[in-house]
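Enquirer: please work out how this folds:
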Amino acid sequence: MALASGAEAEPADQSSHPEIEQHSTKVLMLGALGVVYGDIGTSPIYAFREALHASSGGDVANRADILGVLSLIIWSLTITVTVKYIMFVLRADNRGEGGVLSLMALARGTFPTRSAIVLGIGIVGASLFFGDAVITPAISVLSAVEGMNVVTPAFQPYVVPLTLLILAMLFAVQRFGTGGVGLVFGPVTAIWFLAIGLSGLKHIISDPEILWAISPHYVVAFFINSPDVSFVTVGAVFLAVTGAEALYADLGHFGRKPIVLAWLAIVFPCLLLNYAGQGAYVLAKGGTVGHPFFEMNEGWSLIPMVVLATAATVIASQAVISGAYSLTRQAVQLNMLPRLEILHTSEKQSGQVYLPRVNMLLALVVMLLVVGFGESSRLASAYGISVTGNMLVTTTLLFIVMTRIWKWNIWPAIALTAVFGLIDVGFFASNIVKVFEGGWASLAVAFAIILGMWTWVRGSRYLFDKTRRNEIPLDFLAVVFFGADAQPQALQGAARKERHPVGGDGAATGRT
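Expert: Here you go, the predicted structure:
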């Protein structure tokens, strides 16, 4: 499947068997739960707690802080994920493919001269995603294994070795394809979402007033009353939406419909219930923050929740791993990277691919990060910069698609982009301050990818230009061999149709 570089889109194939299509959608929804939503689905474990610590400056939060933070999380999930990605970004598919490079190809194809600026923006966005793709598996698995220290501190010396073993197994099973991995991870993640939803619902019933946090005026009041801690709090709240970029990157693996249905029917409601339940629990405890996610599961439900959280946290890294395969495939099609072995792992979903070399490189870099940092708390400082940068690039390219492909009026496009951009810039600014605390790691990976892509693009262009200069024009050969009046002869019933996939032309050579 080649990426389209213009505004033209291919019609989707319509199934003539609705029963089969319905069954396929349910299977893809289950797979999407295990692959796409693992990352954002584990955010309740730490996001609300960290945001409360940031807003209160200690271990006790007042009612205004609790409702303000909860309202910030609710509206961040609503605007960033539901409105931006689900309603708009996922509609900007490029022949079924998603990700920042697909968006870049769409946007760049609307310019007659194929804008180098848009190409550069796309390369930066893709590189930042790869930076996130090496940080997320490392911090997810490492934090899950560190949770075993709760059982016994004697487990500490075995944290890093066991993390490396789990990572090796995680990357080893990738060869079975996204569909196979999703069918294993999907049921576990589905149980996870139901469990966290019911856990929160129990405490909401005990204190229904927590639902007042839905009102956005609590966000405004928080910024007005606590301007000194607002900046740090926004950086912590961002943890609640990490993984949103994977929705678009994994679009080719499952399609838009299963991803949207899984979010609206299961993921979004369960996340809201759990966050609201944590808020109600903290209020009931007099504002003592502690670790509300686990503490509100009292009695027999605590140990099963700890086990389920450990499994879900390991699964969380799958979203960016699958997204990295799709992004690399698109980069090869756009001639931004050299050709790599691409294996299709599904008979029905052409977007489900596996790249052995990319898998090996990801595994090596992730393991190096685990050994180098050693603790998830240190890796946490490296987390966030790449994701927020990628979201900002997506918003920029989406504006071009809105105005030049969807033919929106300029003012609604500017207004919507301003809302998305303001949120993205706020998240980015609150995370960029962590560069010297560990954020340099993801930026170093992104810079290496930018250097490699740009070198390949420029080198391919130079090679193409040199080849064109050394070519002998066909008209000249016709004159030499057949005389000045020679005309090419067309054979009746024969036709020639040239088709240039974007792979060899769009990014590097500039041919159309």
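Enquirer: all helices in the stretch 201-350 of the chain, in order from the N-terminus.
Expert: Under the criterion DSSP state H, counting those that start in this stretch, helices of the stretch 201-350 of the chain are mapped to 217-225, 227-237, 244-249, 251-254, 256-262, 268-284, 292-295, 302-315, 318-333.
Enquirer: of all the ones you listed, which lies closest to Val184?
Expert: Closest to Val184 of those, according to CB to CB: helix 302-315, at 9.1 Å. For glycine as for every other residue, the C-beta is placed from the backbone atoms N, C-alpha and C.
Enquirer: show me what that closest one is packed against.
Expert: Counting contacts by 3 or more CB pairs under 8 Å, 6 or more residues apart in numbering; DSSP states H and E, helix 302-315 is packed against helix 38-41, helix 116-146, helix 177-206, helix 292-295.
Enquirer: so Gly351, which of the three states?
Expert: Under DSSP: H, G, I helix; E, B strand; the rest coil, the three-state class of Gly351 is coil.
Enquirer: so it sits right up against Tyr325, yeah?
Expert: No: counting by CB atoms under 8 Å, Tyr325 is not a contact partner of Gly351; they are 9.4 Å apart.
Enquirer: okay, these two: which has more neighbours?
Expert: Taking neighbours as other CB atoms under 10 Å, Gly351 and Tyr325 compare with Tyr325 leading, 28 against 23.
Enquirer: picking that back up, just put the helices of the stretch 201-350 of the chain in a markdown table and tack on mean pLDDT and distance to Leu106.
Expert: Shown next, in a markdown table, are those (pLDDT from 0 to 100; distance: least, CB to CB, whole Å):
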| stretch | mean pLDDT | distance to Leu106 |
| --- | --- | --- |
| helix 217-225 | 93 | 33 |
| helix 227-237 | 89 | 31 |
| helix 244-249 | 88 | 12 |
| helix 251-254 | 87 | 13 |
| helix 256-262 | 94 | 15 |
| helix 268-284 | 95 | 27 |
| helix 292-295 | 87 | 39 |
| helix 302-315 | 85 | 31 |
| helix 318-333 | 89 | 11 |
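Enquirer: so where's this structure uncertain?
Expert: Applying pLDDT under 70 to the chain flags the ranges 1-23, 114, 148-152, 474, 476-512.
Enquirer: quick revisit: of the helices of the stretch 201-350 of the chain, which is nearest Glu437?
Expert: Glu437 sits nearest to helix 227-237 of all these, at 11.7 Å, using CB to CB.
Enquirer: report the buried residues of the closest one.
Expert: 230, 232-237 (16 or more other CB atoms under 10 Å).
Enquirer: got these as TSV, with distance to Ile196 columns?
Expert: As requested, the buried residues of helix 227-237 are exported to TSV (distance: CB to CB, whole Å):
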residue	distance to Ile196
Ser230	27
Val232	26
Thr233	22
Val234	24
Gly235	23
Ala236	19
Val237	18
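Enquirer: can I get the helices of the stretch 201-350 of the chain in a markdown table including distance to Leu362?
Expert: Output for those, formatted as a markdown table (distance: least, CB to CB, whole Å):
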| stretch | distance to Leu362 |
| --- | --- |
| helix 217-225 | 37 |
| helix 227-237 | 26 |
| helix 244-249 | 14 |
| helix 251-254 | 16 |
| helix 256-262 | 22 |
| helix 268-284 | 27 |
| helix 292-295 | 29 |
| helix 302-315 | 16 |
| helix 318-333 | 6 |
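Enquirer: of those, which is nearest Trp192?
Expert: helix 302-315 (4.4 Å).
Enquirer: number of nearby residues for the residue lying closest to Ile45 once chain neighbours are set aside?
Expert: Closest residue to Ile45 apart from its sequence neighbours, by CB to CB, 6 or more residues apart in numbering: Phe293 at 5.1 Å. By the criterion of other CB under 10 Å, Phe293 has 24 neighbours.
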